[in-house]
Every structure is written in structure tokens, then in C-alpha cells.
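> Fold the following.
(chains A and B)
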Protein chains: 2
Amino acid sequence: MENFTYFTPTRYIFGRGTVDRAGELTRWTGCRKVLVVTGMGSAVRSGLYAKVAASLDAAGVAHLHLSGVEPNPTDPKVREGIDMCRCEGVDGLVAVGGGSAIDTAKAIACGVPYDGDFWDFYAGKKVVEEALPVGVVLTIPAAGSEGSGNSVITNTATMQKISLRTESALRPRWSILDPTLTFTLPPYQTASGIADMMAHIMERYFSPTTDVEVTDRLAEGLLKAIIEEAPKVIRDPADYQARANIMWAGTMAHNGVCGCGRVEDWVSHFMEHEISALYGVTHGAGLAVVFPAWLTFMAGRRPAKVAQWARRVFDVQSHDDTTAALEGIEALKAFFGSIGLPVTFTGLGIDSPDIPQLVKNLHITKGEVIGGYYRLSAPDTAEIYKLML
Amino acid sequence: MENFTYFTPTRYIFGRGTVDRAGELTRWTGCRKVLVVTGMGSAVRSGLYAKVAASLDAAGVAHLHLSGVEPNPTDPKVREGIDMCRCEGVDGLVAVGGGSAIDTAKAIACGVPYDGDFWDFYAGKKVVEEALPVGVVLTIPAAGSEGSGNSVITNTATMQKISLRTESALRPRWSILDPTLTFTLPPYQTASGIADMMAHIMERYFSPTTDVEVTDRLAEGLLKAIIEEAPKVIRDPADYQARANIMWAGTMAHNGVCGCGRVEDWVSHFMEHEISALYGVTHGAGLAVVFPAWLTFMAGRRPAKVAQWARRVFDVQSHDDTTAALEGIEALKAFFGSIGLPVTFTGLGIDSPDIPQLVKNLHITKGEVIGGYYRLSAPDTAEIYKLML
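Residues are numbered from 1 along each chain as shown, chains lettered A, B, ... in the order given. Sure thing, here's the model as predicted:
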């Protein structure tokens, strides 16, 4: 186990009927005038935005609205938000939506009190030391941004997704998690979110660090719970209990508890980001394609941890590590297939992927050799992309 | 799953060589003059207190010392600490030790800024709204107080152990967890700590609330990790990796994550407190005696969850729930025995326990009918005490 720090000062308010507490929680963080950030319109159409606004009104918190944050959120929207906050003297953010709204709110939160360009934080030139408080009303369990200190924004100039990771500066101060808000998510979006949260766990699980039994067992337990609950939410989108378990799993998957004490991997995310950038696929669906291929490559190179995962998560019995690993990967593919996710490029709707281009973009962005679990060069990542055919 | 809130704003600093950060962390909480609370002398003898003091000096934090906190800490020490803090203008606490030092520091922390008697909080007459910041340098993984908002103090007038639970007001602001500090713990104390942390998980796990798959799997995973690592620390007290896993498990066992979304039980703790009060046994060792008896009673009354626990934690295969439950209980007893813990009154050194007195004290203190998982009257708890013979 490696030395680590773990600090998650987000107050989670979980369950039915909790949206009405948005105003009180905003007051608790000391805010008097907030910018409410929403996505492409569903929060407005469903009446959720109005509920949040009413709760803020009741608590005496003034509010402005920044709507229209797109999936894979971009810098112009961040700049628009920063300008609004500065002009209007806003002292806090409330994101109502999924990862895109939350990540945009976080970028605005650190950009407002900073004299320079907010990209400085994302480029690693500056460390976030001050940020407006961010609150969240979550509608999509997937990105885990409601509990993380991270934010991903796409630079429209380069079309690169750029990640900012903070220990705590950008963790939401509070997050309302009401599973009923997820009843209306379409099955494909639900399933993609499930693949995303599983990937967040596995990116941390596949680590070169040994002797991390506690963190391993927590990660395996979360994966088992997700695999148990996922078919229920696909079968019945209004199954409250299953939705509740999936929602809480998505938060725990990415609030850092599965990474404590170890080096993490994150290559599958990097590889997926390149597919998304080139072909515009849904992030979680892309991960359902990338992860089995990455695991298959590892089954041939460093099978022991893959075999442990196969045995503990999928109850695979084989004694030989490589065999066990491959059986686990088949089980993962079958699971993704069962909830309607693709596991190949073709399934994603990409019949002739430009693998050389994907590999080139990947290594330009991320470096010549990448990955925490196993160091991958361009020929390796090319081989992994080919395994997705 | 029930609605819940979860808020754990403790900053954990985990690993070798982290003690030197005590001063910097104290400054981070804004404190300039702190009371350092220690136990019966081992922190002073080992040189740990001097290290913490040097770190505070280096950070420019003035400090006073309250030493001699006994196991099962009592109110006179709390009052002594409150007086010292008030006289000397102390603005924070640093506990160096295990649960006793930490719980005393927490009681002082809420007592100092309060006009009335600190017992008001423990008696439920007042809610803690203000408390001095508490920091922790942990030396005993067991009580979990380094991550919890709780404190247990014994009232010397009545010899009752009284618990205070807060959502966040008394959670330590920071906790330094250096596994090397636990190398010198004697085997019996190590094993008792392990039983205590397992009990903290199981008190939450055995719940009438259904559909808590995520929380169940996290709890089961933690138990499995503890069972895997415990024999290693008993075999080799200086096994850093095993000590690290046990230390982190002890924190996760009691910081609330295993209770999210459900009613908890806590009868085994109540029953053990009465044994401790009457016979002065070590809390964790007492729990190793109580829990198997409580589980055996439940195997006959409400076996399903016990069977799930037996199958998932001890890999019991039996199809029949009661059989599986009983097999799991035998496995738990064997585990406790293997790390040197008793599982009967006799093993605790109590040959003729006064069961009627234990039952009387229990129900006077806790009520006529007790327990979250299954409601127990006096004849029931008498039966459970008899199962410990």
C-alpha cells in the first residue's frame, strides 16, 4: 500500500424528496446569490429547475440561470458563466444535471476568483486554491463528478478533453442524490452510465501496487453490486431500489475510495476519449468497448490481477490465471451485452476505425508510454484498438 | 434503501512518516494553541508525543498537554481538559492515541464553547453546534473514532458509558494514520481491535432494511479484507502492509459508509458495554464473545441475512439459510479463536456471570425492547447471554 491522503468533504443528501433542500444547503455554504447551471433542457422541461429555483427562493438565495451546457462541455460556456458571475456578484454555483453541468460549474467556480485564464488550472500551470462553493442536484449517475474533485472540459480550439484533478478544492460542498430523478433516463444512457462507473472502479483497481486488500475488496464489492442491480434498472426504469443502488454506486465509484493507497491506471479512459473525439460516441458506451479489449491484452501480459478480478467479481473458478482472466472478460462482455451496450467498434457504429489516427492522437496527448498498471507504447495501444474490431 | 445523509469531512493522511505533518495540519484548521490529549503514557514513552510536539513547534502552534486518559475514559478528565482550554485560551485539540484519547478530546472540544454542562450533549438535551477543531494521530486501530462523529464517555457517578453521535460536528478535521505506530501493539490488543472493527461493520450490516446491495457489498468486502489480513498482523506485528490494511479497515468500518441507507442494530455493543461495566473486560474481546451468541439467536429467528453474511464473507455453501447461518457463526468463532480471542464468558475469565444483573442493567439503560435488526425483550437478551456460557 502506498501513502495517500483522502479528503471528501461533500455532504451527500440521498433519497426521495430531497430536492427541496437545495436552498437550505446553499445557505449552509454561506451563498446569497448563485448561478444555476443546467444542460440541454431536460431539467427545465421536467420541472426540476423550477423546483430548485423555488427552494432557493424560499431560502432567500438569489439566482441566475446558465442553461444549454452540452455533453462534453466546452470552454465558451465556462467563459460565459465566469462573465455572468463576475458581472452579477455571484458567490456560488448550483449544478442541476449530470457530469457536464457539474464539470462546467466547477470550471466556473475556480475561474471566477482567478485573475488569469481558467485553462491555467487544467493545463497544470496553477493549483486551485480558491473556488466558489459548488452544490449539485444530480440527474445522471455516471460521471461521478457529484463526489469528485475533478472536472473535464473540452478545448474547442484543439478539440481535446482536458482533465483537472483536485484533492478537495473542487469537490461539491453538497450533492443531492434523488433516485427518482433518474427514472426517465433512457436505457442506453442508463447503461452507458453504468459502464462509466464500472470503468471508474476498474481504472483504480488495475494497479501495480500490491497489498491493497481493503481497497480491492471495496472495489470488487461495488462492482458486484452494480452487476446485481443493473439488469433491474434496465428492466424497470422506475425500480426505485435498484435506481438508488446504482446512483450511490456511481458516487462511490469515483469519490476516490477505490483508489486509496495505490497507483491508478486510466489508460482505458484515455483510449476512449480518442474514440469519442474522432467519432462522437457516448463515453460510457465507448468504455464498454475499450475495457474488455484492454483486459484481453493484459490477460496475455499481466494476468494475475485480472484473474483475481474474474474470480472475485464474476465467480470464475479456473485455477490457471490466464484462463480465469479470459473467462472473466467473457463474463464482462456478456454483462455489457445484456444491458444493451456494444463491445466492438462495429457495435458502436464504427465499421472502419482509423486505428493509426487514434493511436497517434492518444500518444500525442498522453505521452509516448502510458498507463499505471502496465506501460503501453504505441504498438501496444494499436494492438488493443485492434482487439475492439 | 432508506433516505440518508453522509458527510465525512475528515482529511486522512495515511502512511509512513506522516506524523511530522501534525503541525501543518493544525495550522490548516486555523488553530494557534492546542491541547494535546494522550493516554496512559505509551505515547510519551515511545517518543511519539515529542514528535508531535516538535511538529507543532515547527509550525508555530503553542501547545499544552493533558495526559493520563484511561481506557473507558471518564468525565473528570473531560472537565480537567475543558478547564485547561478555557484558562489558557486553547483553540483546538490534538488527540494522540486510540479511542479513549480521541473521545476525550471530542468531549472537551464541544464542552469548551458551551455555557452549560458537556453532559447535556451526551444526554441528548442539546445538539452540538459548535466545537473546537479536533486532530488525531492514531495509535490503535479499533474504535474508529478517528473518522467518526461519535464519542463515548463513562459517567463516574453512574458508571454508565454514554454515547454521543453527531453527523459531522465532532468528526476530526484531520487524522494521521501511520501503520508503523501500531507495530508495538500487543497481540491481544491488536486482536481486540480487530473484533471491535468487525463489530462496527456488522452492527450496521444486520439491518431490517432491504435493497441495500451497495452498502452490503462494501461491508462484506471490508470484513473479508480484515479476515485476510488479521492473521498476518498476529503472526508478524511489524508486517507493514497487513498493519496498513487493518488500520484503514478500522477507519472505514466506523466512518459511516457501511451504514448508508439503512437502520442499524447496535445491540451487541449495548450487551458488551454491560459486561465491560460489571467485569472490566476489554471491549473488543467482549464483542468477540457477544457477537457469535447474538448471531446464533438470530439464526433461529431471522436467518436470511445471517445466511447471506455467511455465504458472502465465509464462502459457506449450504443452501438452507439456518444451516448456512450456523456454519458462518462457527467460522467466525474459529476466526476469533485463531487470533487469540475468547468466544465464551469462561474465555473472558468470567466463570459465573450474573446474567440477571446484566439483563437488568441493559434494559434499564437501553429500554424495554432493543435492537434495530430484531426487537429483543429481556427474556431474549437473557437467552443471548446464556449462549455465551
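> now the strands for the stretch 51-200 of chain A?
A:62-66, A:92-97, A:134-138, A:150-155, A:160-165, A:174-177 (DSSP state E, counting those that start in this stretch).
> most centrally placed residue in chain A?
Centroid-nearest residue in chain A: A:Ala143, 2.3 Å away (criterion: Cα atoms, centre = their mean).
> Take the strands of the stretch 51-200 of chain A and write them to a markdown table, including distance to chain B, mean neighbour count and mean pLDDT.
C-beta coordinates here come from the backbone N, C-alpha and C atoms, glycine included. Below are the strands of the stretch 51-200 of chain A laid out as a markdown table (distance: least, Cβ to the nearest Cβ, whole Å; neighbours: other Cβ atoms under 10 Å in any protein chain shown; pLDDT from 0 to 100):
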| stretch | distance to chain B | mean neighbour count | mean pLDDT |
| --- | --- | --- | --- |
| strand A:62-66 | 23 | 18 | 98 |
| strand A:92-97 | 18 | 30 | 98 |
| strand A:134-138 | 13 | 31 | 98 |
| strand A:150-155 | 18 | 22 | 94 |
| strand A:160-165 | 17 | 18 | 90 |
| strand A:174-177 | 8 | 26 | 98 |
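> near chain B, which residues of the stretch 251-389 of chain A?
Taking Cβ under 8 Å from any Cβ of the partner chain, the part of the stretch 251-389 of chain A that reaches chain B is made up of A:Met252, A:Val257, A:Cys260, A:Gly261.
> which of the residues you listed tops the neighbour count?
A:Met252 (28 neighbours; other Cβ atoms under 10 Å in any protein chain shown).
> pull the helix or strand with minimum mean pLDDT from chain A.
One helix or strand of chain A scores below all others by mean pLDDT, DSSP states H and E: strand A:160-165, with a mean of 90.
> Next, the angle strand A:150-155 makes with it.
Interaxial angle of strand A:160-165 relative to strand A:150-155 (axes from the mean of the first three to the mean of the last three Cα atoms, to 10 degrees): 160 degrees.
> Tell me how far strand A:160-165 lies from the chain's centre.
Relative to the mean C-alpha coordinate of its chain, strand A:160-165 is positioned 12 Å out (Cα atoms, centre = their mean, to the nearest Å).
> strands paired with the longest strand anywhere in chain A, and their directions?
Identified as the longest strand of chain A according to DSSP state E is strand A:4-14. Strand A:4-14 sits in its sheet next to strand A:174-177 (parallel), strand B:4-14 (antiparallel), going by DSSP bridges.
> Just the buried residues of the helix or strand just after the longest one, please?
The reference is to strand B:4-14. Counting by DSSP states H and E, the next helix or strand C-terminal to strand B:4-14 is helix B:22-28. Residues B:Ala22, B:Gly23, B:Leu25, B:Thr26 are the ones in helix B:22-28 that count as buried (16 or more other Cβ atoms under 10 Å in any protein chain shown).
> ok, now stretch A:276-291?
Buried, per 16+ other Cβ under 10 Å, within stretch A:276-291: A:276-277, A:281-291.
> and which of those is nearest to B:Ala195?
Ranked by distance to B:Ala195 (Cβ to Cβ), the buried residues of stretch A:276-291 are led by A:Phe291 at 38.8 Å.
> residues contacting the closest residue to the closest one other than its chain neighbours?
What sits nearest to A:Phe291 in space, not counting adjacent residues and going by Cβ to Cβ, 6 or more residues apart in numbering or on different chains, is A:Ser268, at 5.2 Å. Contact analysis of A:Ser268 by Cβ atoms under 8 Å, 6 or more residues apart in numbering or on different chains lists A:Ala199, A:Met202, A:Glu203, A:Leu287, A:Val290, A:Phe291, A:Trp294.
> Can you report how many residues lie near the second one?
Going back to what we said before, that points to A:Met202. The number of residues packed near A:Met202 is 23, by other Cβ under 10 Å.
> Show me what the host helix or strand of it is packed against.
Element membership of A:Met202, judged by DSSP H and E, is helix A:187-205. Helix A:187-205 is packed against helix A:213-235, helix A:240-254, helix A:267-279, helix A:283-301, helix A:303-314, with contacts defined by 3 or more Cβ pairs under 8 Å, 6 or more residues apart in numbering or on different chains; DSSP states H and E.
> Relative to B:Gln241, which of the ones you listed is closest?
helix A:213-235 (8.5 Å).
> Now the closest one: buried residues?
For helix A:213-235, burial by neighbour count (16+ other Cβ under 10 Å) applies to A:213-230, A:232-234.
> ok, and of those residues, which contact chain B?
Among the buried residues of helix A:213-235, chain B is touched by A:213-222, A:224-225, A:228-229 when using Cβ under 8 Å from any Cβ.
> hmm, which two among these are most spread apart?
Farthest pair in those, by Cβ to Cβ: A:Glu213 and A:Glu229, 24.5 Å.
> A:Gln357 belongs to a helix?
Yes. Counting by DSSP: H, G, I helix; E, B strand; the rest coil, A:Gln357 is part of a helix.
> which ones are touching the residue nearest to it when sequence neighbours are not counted?
Spatial nearest neighbour of A:Gln357, excluding adjacent residues (Cβ to Cβ, 6+ apart): A:Leu278 at 6.7 Å. By Cβ under 8 Å, 6+ apart, the contact list for A:Leu278 reads A:Asp354, A:Gln357, A:Leu358, A:Asn361.
> cool, A:Thr215 as well?
Taking Cβ under 8 Å, 6+ apart, we find A:Thr215 in contact with A:Met1, A:Arg204, A:Val257, A:Cys258, A:Gly259, A:Cys260, A:Gly261, A:Arg262, B:Trp248.
> Do you know the pLDDT at it?
A:Thr215 carries a pLDDT value of 98.
> ditto for the one 4 residues further on
pLDDT recorded at A:Ala219 is 98.
> ok, now how distant is it from A:Cys258?
Note on A:Ala219: its distance to A:Cys258, by Cβ to Cβ, to the nearest Å, is 4 Å.
> still on that earlier bit, ok, of the helices and strands packed on helix A:187-205, where does mean pLDDT dip lowest?
Among the helices and strands packed on helix A:187-205, helix A:267-279 scores lowest, at a mean of 94.
> relative to strand A:150-155, how tilted is that one?
Orientation of helix A:267-279 against strand A:150-155 (the same axes, to 10 degrees) gives an angle of 30 degrees.
> quick revisit: separate out the buried members of the contacts of A:Leu278.
Neighbour counting by 16+ other Cβ under 10 Å classes A:Leu358, A:Asn361 among the contacts of A:Leu278 as buried.
> rewinding a little: what would the strands of the stretch 51-200 of chain A look like in CSV with distance to A:Phe345?
Shown next, in CSV, are those (distance: least, Cβ to Cβ, whole Å):
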stretch, distance to A:Phe345
strand A:62-66, 36
strand A:92-97, 29
strand A:134-138, 31
strand A:150-155, 22
strand A:160-165, 20
strand A:174-177, 34
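> how far away is A:Gln357 from chain B?
From A:Gln357 across to chain B, the span is 40 Å (Cβ to the nearest Cβ, to the nearest Å).
> do A:Cys110 as well
Using Cβ to the nearest Cβ, A:Cys110 is found at 19 Å from chain B.
> the domain parsing of chain A - what is it?
Domains of chain A are assigned by automatic domain parsing as A:11-181, A:208-386.
> Out of those, the one nearest B:Leu376 is which?
Closest to B:Leu376 of those is domain A:208-386 (Cβ to Cβ; 27.3 Å).
> ok, the closest residue to A:Phe336 other than its chain neighbours - contacts?
Sequence neighbours aside, A:Ala288 is the residue nearest to A:Phe336 in space, at 4.4 Å (criterion: Cβ to Cβ, 6+ apart). Neighbouring residues of A:Ala288 by Cβ under 8 Å, 6+ apart: A:Ala191, A:Ser192, A:Ala195, A:Phe336, A:Leu341, A:Pro342, A:Val343.
> For the second one, which residues are in contact?
Read that as A:Ser192. By Cβ under 8 Å, 6+ apart, the contact set of A:Ser192 is A:Ala142, A:Thr282, A:His283, A:Gly284, A:Ala285, A:Ala288, A:Leu341.
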